[in-house]
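1. the amino acid sequence is not available; the structure is as follows:
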């Protein structure tokens, strides 16, 4: 990648200028960091300029590395998004399954109460209510509310 960019910089004056400018700034920053690391006084240190060929090579290398980093970062972000969407779909499916199971429990309790009422007509069977979250939208919530209405109307008839 860097070799391709270096060849492109040789033929395109604008790209060559951009590479030289970027490499010069990078070189100055690198030299300042090195000088601070070795506790040299920054004001008295001479930082030599890069010649044009080295600057073009360094600038093209920086651009190539930045491109590779950008591609890798984009792939990481897209994979994270895909994973998040997959997890959300799985969570939604689990919530729908839970709502279906709760609706089935209510239906079975209603049937159980009717059977107990037939077997033991003189005894009162009191069941504690189950708190069920019915706020979901879609066919599962419709089915749950329908089963709940059936079980409540069945209890009222008794």
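-> Looks like it arrived, so ask away. Remember, predicted model here, so these are calculated numbers, not experimental data.

2. which positions within the element among helices and strands of the chain having the smallest mean pLDDT qualify as buried?
-> None of the helices or strands of the chain scores lower by mean pLDDT, DSSP states H and E than helix 139-157, at a mean of 70. Of all the residues in helix 139-157, those buried under the rule 16 or more other CB atoms under 10 Å are 140, 141, 144, 147, 148, 151. Backbone N, C-alpha and C define where each C-beta goes, glycine included.

3. quick one: the residue lying farthest from the centre of the chain and residue 116, what's the gap?
-> Going by CA atoms, centre = their mean, the residue of the chain most distant from its centre is residue 122, 58.8 Å out. From residue 122 across to residue 116, the span is 11 Å (CB to CB, to the nearest Å).

4. where in this protein is pLDDT low?
-> Applying pLDDT under 70 to the chain flags residues 2, 40-45, 125-137, 153-158.

5. and residue 61, how many neighbours?
-> Residue 61 has 19 neighbouring residues, counting by other CB atoms under 10 Å.

6. packing partners for the helix or strand harbouring it?
-> For residue 61, the host element (DSSP states H and E) is helix 52-119. Helix 52-119 sits against helix 2-11, helix 13-37, helix 139-157, with contacts defined as 3 or more CB pairs under 8 Å, 6 or more residues apart in numbering; DSSP states H and E.

7. now the angle from the shortest one to helix 52-119?
-> Same thing as helix 2-11. For helix 2-11 and helix 52-119, the angle between their directions (axes from the mean of the first three to the mean of the last three CA atoms, to 10 degrees) works out to 130 degrees.

8. other residues contacting helix 2-11?
-> Residues outside helix 2-11 that contact it (CB atoms under 8 Å, 6 or more residues apart in numbering): 15, 16, 19, 56, 57, 59, 60, 61, 63, 64, 65.

9. distance to residue 76 added to those, as CSV?
-> Conversion of those to CSV gives the following (distance: CB to CB, whole Å):
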residue, distance to residue 76
15, 28
16, 32
19, 27
56, 30
57, 28
59, 26
60, 25
61, 22
63, 20
64, 19
65, 16
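
10. for those, which entry has the maximal number of neighbours?
-> Most neighbours among the contacts of helix 2-11, by other CB under 10 Å: residue 59, with 28 neighbours.

11. measure the residue lying closest to it once chain neighbours are set aside to residue 60 for me?
-> Residue nearest to residue 59 in three dimensions, not counting chain neighbours: residue 19, with 2.8 Å by CB to CB, 6 or more residues apart in numbering. Distance from residue 19 to residue 60, counting by CB to CB: 5 Å.
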